[in-house]
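J.: What follows is a predicted protein model with its sequence.
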Amino acid sequence: MKMKLLTLVPFLLILALNINAQTFKAGAAMRDITPKHLIPISGGMGTPETPTGIKGKLTVRAFVLEKGSTRIAIVNIDNLGWPAYLGDRSRKLIKGISPENVLIGATHAHSALDAYGFTDEKGNTAADLKYLNWCVTQIADAVNEAVAKLEPASLKTAVGEAKGKIAYNYYAEKLYDPRCGIIQAIATSGKNKEKPIVTLVNYAIHPEILGTARKLISPDLCGPLYDRIESKVGGMAIFMNSAQGGMVTADNRLENGKEANDWDECIRIGNLLADEALRIVESAPVQENPDIYCASKVIRFPVDSKIMQDVLQHSVIATNSGSINKFDTISTRLNLLNIGKAQILTIPGEALPNIGFYVKRKMKSDQPFLFGLTNDAFGYMLTREDFSSFDRYNY
């Protein structure tokens, strides 16, 4: 009998180790990247504004998932857009995750800073290269910390209509996707058992309530969104934009034909979106030990826009990176993820809503997510028929 027990113990230990290795885990971490000094904000191509103050804090947020040998990082940064040549530098500093499994997106807040390195007519750029270099390391540090904090978790995922005055299409009021996708990882052990580790919100909107006109460095509505979710359910919140191009923006319209462009409106819309996200995910069934999957593919496509060619040619950051030699074609990486019942596809720019609807219909899930401005930031992405057709898009 003793011999049987002695031979059984090693088997049970091996079995326990194997089960633990196949357990779904999640971790999250954040870094405050609010600049210590005022840096010009551009809101896109054009003359940058010199800000007079800061409202809210800019952050980098990292959500890491693991099951078995698969590990994935989903990162978002409060910035207008985070190009691949900066993201790739962070990927080289991240430990324990394959570079192609690290997704880096931007909130696209127009009151956040410029990572494109746009130049004016004299060839000067308002981008602060020292600040951007620091952000590169902060992204890596956040991911590495999230890896260190990985813990067993369950999952809730849901997609539903976010109701209320949140977003609209500035060019065609009703032509936008009101669906909001939520991914929530929940601790299954420890002092925070049954509490969220992280809540991810995926929604199409331009965070440009403040824009550049208010002359404030700010996360815009994303700051209040994060604060609301974290104060209500705990854990860390992270926002991933969606197909918000041409031109799905915050619905800050007033009855007199004007717009509310202040911090109070950022709070209103941020809180409303947070409340709707939590409402949608609240009744979602818990998925125990869900599977995860990550695939990636590098694609190359032509750059027909003369404006975009000019931006690439004269961008100090891009040309110094050594990753772009010609400006008539460019490559980028797409990712396809399965996280439990949810399926996610990344978009390296700002896809228009019709493209977003089309892609979601083709996805093999009733919970489709699109992560816009992820792995790159190429501006509006139009259908072949729309390209060079409407004057509205000629900017």
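T.: Received it, and whenever you're ready, just let me know what you need.

J.: tell me the SS of residue 240?
T.: Secondary structure for residue 240, judged by DSSP: H, G, I helix; E, B strand; the rest coil, is strand.

J.: Contacts only, for it.
T.: Residues near residue 240 by Cβ atoms under 8 Å, 6 or more residues apart in numbering: 74, 76, 105, 200-202, 369, 371-372, 374. All C-beta atoms are positioned from the backbone trio N, CA, C, and that covers glycine.

J.: can we see that at 6 Å?
T.: Each residue near residue 240 by Cβ atoms under 6 Å, 6 or more residues apart in numbering is listed here: 76, 105, 202, 371.

J.: mind giving me a markdown table with these and columns for neighbour count and secondary structure?
T.: Formatted as a markdown table, the contacts of residue 240 follow (neighbours: other Cβ atoms under 10 Å; DSSP: H, G, I helix; E, B strand; the rest coil):
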| residue | neighbour count | secondary structure |
| --- | --- | --- |
| 76 | 27 | strand |
| 105 | 29 | strand |
| 202 | 24 | strand |
| 371 | 25 | strand |
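
J.: Now do the helices in this protein.
T.: Here the chain has its helices, by DSSP state H, at 2-21, 84-91, 129-148, 222-233, 263-282, 306-314, 316-321, 353-362.

J.: helices and strands around the fourth one, which ones?
T.: Spelled out, it's helix 222-233. Applying 3 or more Cβ pairs under 6 Å, 6 or more residues apart in numbering; DSSP states H and E, we find helix 222-233 packed against strand 236-241, helix 263-282.

J.: try 10 Å this time
T.: Applying 3 or more Cβ pairs under 10 Å, 6 or more residues apart in numbering; DSSP states H and E, we find helix 222-233 packed against strand 59-67, strand 179-187, strand 196-203, strand 236-241, helix 263-282.

J.: May I see the buried residues of it?
T.: Within helix 222-233, the residues that count as buried by 16 or more other Cβ atoms under 10 Å are 222-230, 233.

J.: ok, those vs residue 241, which is closest?
T.: Distance to residue 241, by Cβ to Cβ, is smallest for residue 222 among the buried residues of helix 222-233, at 9.4 Å.

J.: quick one on the thing from earlier: save the helices of the chain as a markdown table, and put in distance to residue 55 too.
T.: Listed next are these as a markdown table, based on distance: least, Cβ to Cβ, whole Å:
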| stretch | distance to residue 55 |
| --- | --- |
| helix 2-21 | 45 |
| helix 84-91 | 25 |
| helix 129-148 | 18 |
| helix 222-233 | 8 |
| helix 263-282 | 5 |
| helix 306-314 | 28 |
| helix 316-321 | 26 |
| helix 353-362 | 29 |
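
J.: Is it possible to get CSV of the helices and strands packed on helix 222-233 that adds mean pLDDT?
T.: Below are those laid out as CSV (pLDDT from 0 to 100):
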stretch, mean pLDDT
strand 59-67, 99
strand 179-187, 99
strand 196-203, 99
strand 236-241, 99
helix 263-282, 99
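
J.: closest to residue 354 out of the ones you listed?
T.: Closest to residue 354 of these is strand 179-187 (Cβ to Cβ; 14.3 Å).

J.: distance between that closest one and the chain's centre?
T.: 14 Å (Cα atoms, centre = their mean, to the nearest Å).

J.: Pull up the pairing partners for it, direction included.
T.: Note on strand 179-187: by DSSP bridges, its sheet partners are strand 151-161 (antiparallel), strand 196-203 (antiparallel).

J.: between the helices of the chain, which one is nearest to residue 61?
T.: Here helix 129-148 is closest among those (Cβ to Cβ), at 6.9 Å.

J.: buried sites along the closest one?
T.: 132, 135-136, 138-147.

J.: Which elements pack onto that helix?
T.: Using 3+ Cβ pairs under 10 Å, 6+ apart, helix 129-148 sits against strand 25-32, strand 59-67, strand 70-77, helix 84-91, strand 102-106, helix 316-321.

J.: quick one: which of the helices and strands packed on helix 222-233 is nearest residue 331?
T.: Here strand 236-241 is closest among the helices and strands packed on helix 222-233 (Cβ to Cβ), at 21.8 Å.

J.: Paired strands for the closest one, with orientation please.
T.: strand 196-203 (parallel).

J.: could you check the angle helix 222-233 makes with the partner strand?
T.: Comparing the axes of strand 196-203 and helix 222-233 via axes from the mean of the first three to the mean of the last three Cα atoms, to 10 degrees yields an angle of 140 degrees.

J.: Just the C-alphas of strand 196-203, formatted as PDB.
T.: Provided in PDB are the C-alpha atoms of strand 196-203 (Å, rounded to 0.1, in the frame of the first residue of the first chain):
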ATOM      1  CA  PRO A 196     -12.400  42.300 -11.700                       C
ATOM      2  CA  ILE A 197      -8.800  42.400 -12.500                       C
ATOM      3  CA  VAL A 198      -9.400  44.400 -15.600                       C
ATOM      4  CA  THR A 199     -12.400  45.700 -17.600                       C
ATOM      5  CA  LEU A 200     -11.800  46.400 -21.300                       C
ATOM      6  CA  VAL A 201     -14.200  48.600 -23.200                       C
ATOM      7  CA  ASN A 202     -14.200  48.600 -27.100                       C
ATOM      8  CA  TYR A 203     -16.200  51.400 -28.700                       C
END
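
J.: relative orientation of it and strand 70-77 in degrees?
T.: Calculated by the same axes, to 10 degrees, strand 196-203 forms an angle of 60 degrees with strand 70-77.

J.: buried ones in strand 196-203?
T.: For strand 196-203, burial by neighbour count (16+ other Cβ under 10 Å) applies to 196-203.

J.: Out of those, name the two that are farthest from one another.
T.: Greatest spatial distance among the buried residues of strand 196-203 (Cβ to Cβ): 197 and 203, at 20.4 Å.

J.: quick one on the thing from earlier: can you put the helices and strands packed on helix 222-233 in CSV and add distance to residue 35?
T.: What follows is the helices and strands packed on helix 222-233, written out as CSV (distance: least, Cβ to Cβ, whole Å):
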stretch, distance to residue 35
strand 59-67, 12
strand 179-187, 30
strand 196-203, 25
strand 236-241, 20
helix 263-282, 18
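
J.: Since that was my last question, I'll sign off now.
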